[in-house]
Every structure is written in C-alpha cells, then in structure tokens.
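Q: Predicted coordinates and the sequence they were generated for:
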Amino acid sequence: MMAWARLAPVAMVAVLVAGVAQRSLAAVRPERIPRTLAAMFPDSHRDEWQPDLVEAKVLAGAEVIMVDYALLRTDFAGELEGLTDSEIDGWLVEHAALMRVEQTCARNVVEGINTHIPLDEAGTARRTDAGLRQYAPLYYGRALIAEVPGGFIDVKGTGTKNASLGDHRSGLLTMGNVIRELVYERLTREILRLTGSPAETVGTYAALRIPAYLGEASVPLSHIDDSSCPLLSDPAATNLQLGLYLRQAHRKCHQYVYGLACNALNRHTEHRTRLFGLTSSNRCDRFWRTQGGREPLGMTFSPLQCASDSSIVDFGSHLTQSSFEAPLYRWIEQDMAEEVRRAAVPLITAGEMPQPDPCYAVNFSAWGDPQDRAVCNTT
C-alpha cells in the first residue's frame, strides 16, 4: 500500500506536474461533502435520479494499494481520529470493498465476464448488522454509493445488475483503469490549483486491488487503461486484475451533469488542463457510431462529468496530447441519432484552442498513446 508521499515512480512523475513538488491538496471541501441522501440527491424527485437500494457484499482479500490519508482524515475526522494508517486501510476495506451480488453470480464466470470473486460473508453480516446500506442511481452503471460511519464513499468498479461482454458493460474496472483515474484526478486537481481556478475535483480516497480478474471473454473487448478504443486494445493482454476506485461523495444535480452549468465548467476546465497537455476527450470520443461502423467527425467531444458546487468527477477518459486542433464540443444527449453537429454544444473553437505550454506540459511520450497521436493528427 502506498500513501501519496510514497507513490510509485511512474505515478510520482504525473503528480509532480512539471516539477511542482507534491503537497497536501484540497479536493472538494469537507463542508460540501453530503452527509445525507437528501443532500446528495437534491433532484431525487426525478425518477431517473432516485437512488435504488442495492444488495452488495464485502470482498475477501481486497487490499489498499494507494490512499490519501490526509483527505480521509479531513472528511471523516471523527470516525478516523486516533487510527493509524494501517487501521484506516482496514476501515476502508471493511466499509468500501464491496461488490454487487449480481456481479458475483456463477453465470458471469461461465460466460467469461470475470473470474470467481471471493466474498467475506462475515464482513457482510457485520455491515448489515450495523445498518449500513448502499445505493445506486439509475445512471450508475458500475458504481455504487456506500454508506459508511460518518457519511458516504462513492465506489467505482462494484459491478452492475446485468453484466455482459463489452467495455463499460462488464460492471468492472481493471487496476489499470483505477490507477489511471487516480493519477488524472490528481493531475487535474493540481492544474486547477496552479492556474487559480475556483473549480474543484471530486477527490480520490484510495485505490483497492481485488483478488479477481477479467474473464477471458472480456479481455479483448475492454479498454486496457481507458486510453484506447476496444477494437484497438492489445489482443494479447491477459490477467487483467480488478480494482475499486474510491472517491468523495458528491452532490448530483441534473443541471450540473447535463445542463448549461456543466457545459461552462467543461469549457473552463479544458482551457486550463490543455495548457498542460491534458484533455478529457479521448480517441473514442472523436468518432461517431453509425450503422456502417465508425467514422471520424472532424471534431472532439468532452465527456467530463460535473457534480454541483463546481466540482468535476470521472477522469477515466482523460489522456495527454502534444497538440489540439479539432474544435471541442459536448454531447447534449448520450444517444443522438443523426444530426451530430446540431445536437452538440460548442465549447472551444479551433481558433481559440489553447495549446500545451512546453514548459509545463505533461510528457506526451510517457503518457500519451501513440495510436491516439495518429488519430489526433487526422482530426
């Protein structure tokens, strides 16, 4: 297990961001962390935002490998007071190492979606006896909100109700995905601080490793680290271990996730992160699926998600680029039929596109995908 001050060298390079020394950084401020369901779901009167109570079990053998103790001790000051780092690791595993029961069924193993997922039945019973529950809004495909002593932790990679083959359909996250999202959240958080932005990220608490793997049938259809499209993934990749991504609970408000407020926050954030060579628009967002296959749009799209209170969440699609040419848009809807341009909101035109500053840009040769470079040059 690694604390932020003891990150592995490759992660440390990313966190330093052009030589800026690592320090304790504020994510979403603790007074803005929702402590009740009513505070987390202000639009819960809308059917699509009503959180469902879901059944989940505690995982056996889960291990904390990266953790932000400072952030945890800030957000759960009363609950973690006096606990050692190793005791906090145990607290996280006990309360947040969860998997939906539907994901653990034998069918998923038989169909090659995932290997056997070991469960801690005694730990599950203790959690149930303590009255702690977990919730999943309709739009949460592979995550849930775990109730913990003192509040909630948002856990990604916890399975889904109806798992199937295909990226984002298995309900799971590989450790590559988990570490990637952790690093890019940290990078974005530091960039916003360096540029004096009032925007905040939804902070990462920890990365957990699960003693289970993607199934053989899932591997060829999955993003290895979310930086490439499924059809371009390495077909020889095997033994992709699963993990969990733990982040701050955050307010989820419809107008921030899909509305004009999120469009403005997308534009604001992309203007700053692109100075460092970072973007939320990955290669898959440069194509539009048609009945005839995939064709280039000549534009890029930002899938960046927003919580309320000007905070940014979900960094799985982020990557680095050496330059930016195509205009940036944001989807109005996830399922647009034909008129893509009329259904998209422009965020940054080609004429006002910020370019990476060579003094501060993240090393593209180390963090960029060579296949992405080829696609970027054609769009």
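A: That came through, no problem. Numbers count the residues shown, from 1 in each chain.
Q: use CA for all of it now, contacts and neighbours both
A: Fine.
Q: State which helix of the chain is the longest.
A: Scanning the chain for the longest helix, with DSSP state H as the assignment, gives helix 175-194.
Q: which parts of that helix are buried?
A: Going by neighbour count (16 or more other C-alpha atoms under 10 Å), the buried part of helix 175-194 is 175-193.
Q: Please apply the same query to stretch 69-88.
A: Within stretch 69-88, the residues scored as buried using 16+ other C-alpha under 10 Å are 69, 70, 71, 72, 73, 75, 76, 79, 80, 88.
Q: Make a markdown table out of those and add pLDDT.
A: Listed next are those as a markdown table, based on pLDDT from 0 to 100:
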| residue | pLDDT |
| --- | --- |
| 69 | 96 |
| 70 | 95 |
| 71 | 95 |
| 72 | 96 |
| 73 | 96 |
| 75 | 95 |
| 76 | 96 |
| 79 | 96 |
| 80 | 97 |
| 88 | 97 |
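Q: Of the residues you listed, just say which sits nearest to residue 350.
A: Checking those against residue 350 with C-alpha to C-alpha, the nearest one is residue 71 at 38.1 Å.
Q: hang on, the earlier thing: could you export the buried residues of stretch 69-88 to CSV, including columns for secondary structure and distance to residue 129?
A: Formatted as CSV, these follow (DSSP: H, G, I helix; E, B strand; the rest coil; distance: C-alpha to C-alpha, whole Å):
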residue, secondary structure, distance to residue 129
69, helix, 27
70, helix, 29
71, helix, 28
72, helix, 24
73, helix, 25
75, helix, 24
76, coil, 21
79, helix, 18
80, helix, 21
88, helix, 21
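Q: before we move on, back to that, past the longest helix of the chain, which element shows up next along the chain?
A: Note on helix 175-194: by DSSP states H and E, the next helix or strand toward the C-terminus is strand 200-201.
Q: Neighbouring strands - and their directions - for that next one?
A: Looking at strand 200-201 with DSSP bridges, its partner strands are strand 311-313 (parallel).
Q: Other residues contacting the partner strand?
A: 28, 199, 200, 201, 202, 304, 305, 306, 307 (C-alpha atoms under 8 Å, 6 or more residues apart in numbering).
Q: Need the mean per-residue confidence for the helix or strand immediately after that strand in the chain.
A: Scanning forward in sequence from strand 311-313 by DSSP H and E, the next helix or strand is strand 319-320. The average of the pLDDT scores along strand 319-320 is 83.
Q: Pull up the pairing partners for strand 319-320, direction included.
A: strand 278-279 (antiparallel).
Q: how much space is there between residue 61 and residue 210?
A: Here residue 61 is placed at a distance of 7 Å from residue 210 (C-alpha to C-alpha, to the nearest Å).
Q: Neighbour count: the two, which is higher?
A: Neighbour count, other C-alpha atoms under 10 Å: between residue 61 and residue 210, residue 210 has more, with 22 against 15.
Q: now the angle from the one helix or strand the more buried one maps to to helix 175-194?
A: Per DSSP H and E, residue 210 falls inside strand 204-213. Interaxial angle, strand 204-213 versus helix 175-194 (axes from the mean of the first three to the mean of the last three C-alpha atoms, to 10 degrees): 170 degrees.
Q: Check which strands are paired with strand 204-213 and give the direction for each one.
A: Its sheet considered, strand 204-213 pairs with strand 63-67 (antiparallel), strand 241-248 (antiparallel) by DSSP bridges.
Q: Settle this for me: residue 329 is touching residue 303, isn't it.
A: No. With contact defined as C-alpha atoms under 8 Å, residue 329 does not reach residue 303; the gap is 9.3 Å.
Q: returning to that earlier point: deepest-packed of the strands paired with strand 204-213, please.
A: Ranked by mean neighbour count, these are led by strand 241-248 with a mean of 25 (mean count of other C-alpha atoms under 10 Å).
Q: Just the CA coordinates for that strand, please, in PDB.
A: Taking C-alpha atoms only, strand 241-248 is exported to PDB below (Å, rounded to 0.1, in the frame of the first residue of the first chain):
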ATOM      1  CA  GLN A 241      -6.700  -7.700 -12.300                       C
ATOM      2  CA  LEU A 242      -9.700  -5.900 -11.000                       C
ATOM      3  CA  GLY A 243      -9.800  -3.000  -8.600                       C
ATOM      4  CA  LEU A 244     -12.000  -0.400  -6.900                       C
ATOM      5  CA  TYR A 245     -11.800   3.400  -7.200                       C
ATOM      6  CA  LEU A 246     -12.800   5.200  -4.000                       C
ATOM      7  CA  ARG A 247     -13.800   8.800  -4.200                       C
ATOM      8  CA  GLN A 248     -15.600  11.500  -2.300                       C
END
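Q: any residues touching it, and which ones?
A: So strand 241-248 is contacted by 28, 33, 96-97, 152-158, 172-175, 178, 181-182, 202-214 (C-alpha under 8 Å, 6+ apart).
Q: if we can go back for a sec, need the contact partners of the strand holding residue 210.
A: Under C-alpha under 8 Å, 6+ apart, the answer for strand 204-213 is 59-69, 71-72, 97, 114-118, 174-175, 178-179, 182, 185-186, 239-248.
Q: rerun that using 7 Å as the cut-off
A: Applying C-alpha atoms under 7 Å, 6 or more residues apart in numbering, the contact partners of strand 204-213 are 61-68, 71-72, 114-117, 175, 178-179, 182, 239-248.
Q: The closest residue to residue 100 other than its chain neighbours: what's it in contact with?
A: Distances taken as C-alpha to C-alpha, 6 or more residues apart in numbering place residue 56 nearest to residue 100, at 4.1 Å, with adjacent residues excluded. Applying C-alpha under 7 Å, 6+ apart, we find residue 56 in contact with 98, 99, 100, 101.
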